[in-house]
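Engineer: My questions concern the predicted model and sequence given below.
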Amino acid sequence: MRVVVGGDHAGFPLKQKVVARLKAWGHDVEDIGTFSEEPVDFPDVAEALCRRVTAGEAQRGILVCGTGVGAAIAANKYPGIRAAVCHDVFSAHQCVEHDDVNVMCIGAWIVGEMLAYELVAAYLVAVPDQAPEFRRRIAKLHEMESRLRPAPGS
Ligand SMILES: O=C[C@H](O)[C@H](O)[C@H](O)COP(=O)(O)O
């Protein structure tokens, strides 16, 4: 799978490990940085990653910051992105199955590398459930996005 991975300085150490593991598993990985523990702002990384996902350059995105929370808040501002913090394996696959999540966010201060690998594995093998109730709810998210998007220039 084509996967884009990014993170801020707090996420950097875990992000490096996740990227290496994804490559070892045979995924086609784009690492968009950051590439050191020099402080950067998570909204900048999240926006760059979300742009790639919505442009179809990657099928799934993974963001790593300190808690995963800032990354998820930022990513959910991007039209077409459904982001979630996942620190348990059940959520990591069900967020795709029920909610068609396309950016999973992990907190490097919260989870260790072995759990992070399990989270990523569960997220990437999951496929959206096509049952009508799930499709209907995703359609409502799209409708909300269109309805609540600020008018150009406002
Ligand atoms: O939700 C925000 C993230 O956890 C950030 O990674 C965190 O706030 C960075 O904090 P600091 O700049 O103190 O390393």
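Structural biologist: Arrived safely, thanks for sending.

Engineer: Leaving out sequence neighbours, find the closest residue to Leu119.
Structural biologist: Spatial nearest neighbour of Leu119, chain neighbours left out: Ala92 (4.4 Å); criterion: Cβ to Cβ, 6 or more residues apart in numbering. The way it works is simple: take the backbone N, C-alpha and C, and place the C-beta from them, glycine included.

Engineer: Which positions in this structure make contact with the ligand?
Structural biologist: Asp8, His9, Ala10, Pro39, Phe42, Cys65, Gly66, Thr67, Val69, Gly70 (Cβ under 6 Å from any ligand atom).

Engineer: Identify the farthest-apart pair in these.
Structural biologist: The span of those, defined through Cβ to Cβ, is set by Pro39 and Val69 at 17.0 Å.

Engineer: of these two, who's got more company?
Structural biologist: Legend: neighbour count by other Cβ atoms under 10 Å for Pro39 and Val69, higher for Val69 (14 against 9).

Engineer: Can you list the low-confidence ranges for this structure?
Structural biologist: In the predicted model, the chain carries pLDDT under 70 at residues 151-152, 154.

Engineer: same thing but 80
Structural biologist: 150-154 (pLDDT under 80).

Engineer: That one: helices as residue ranges?
Structural biologist: Assigned by DSSP state H, the helices in the chain fall at 12-24, 42-54, 69-75, 89-97, 113-125, 132-148.

Engineer: Reformat those helices as JSON lines; add distance to Asp31.
Structural biologist: What follows is the helices of the chain, written out as JSON lines (distance: least, Cβ to Cβ, whole Å):
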{"stretch": "helix 12-24", "distance to Asp31": "5"}
{"stretch": "helix 42-54", "distance to Asp31": "10"}
{"stretch": "helix 69-75", "distance to Asp31": "15"}
{"stretch": "helix 89-97", "distance to Asp31": "20"}
{"stretch": "helix 113-125", "distance to Asp31": "14"}
{"stretch": "helix 132-148", "distance to Asp31": "28"}
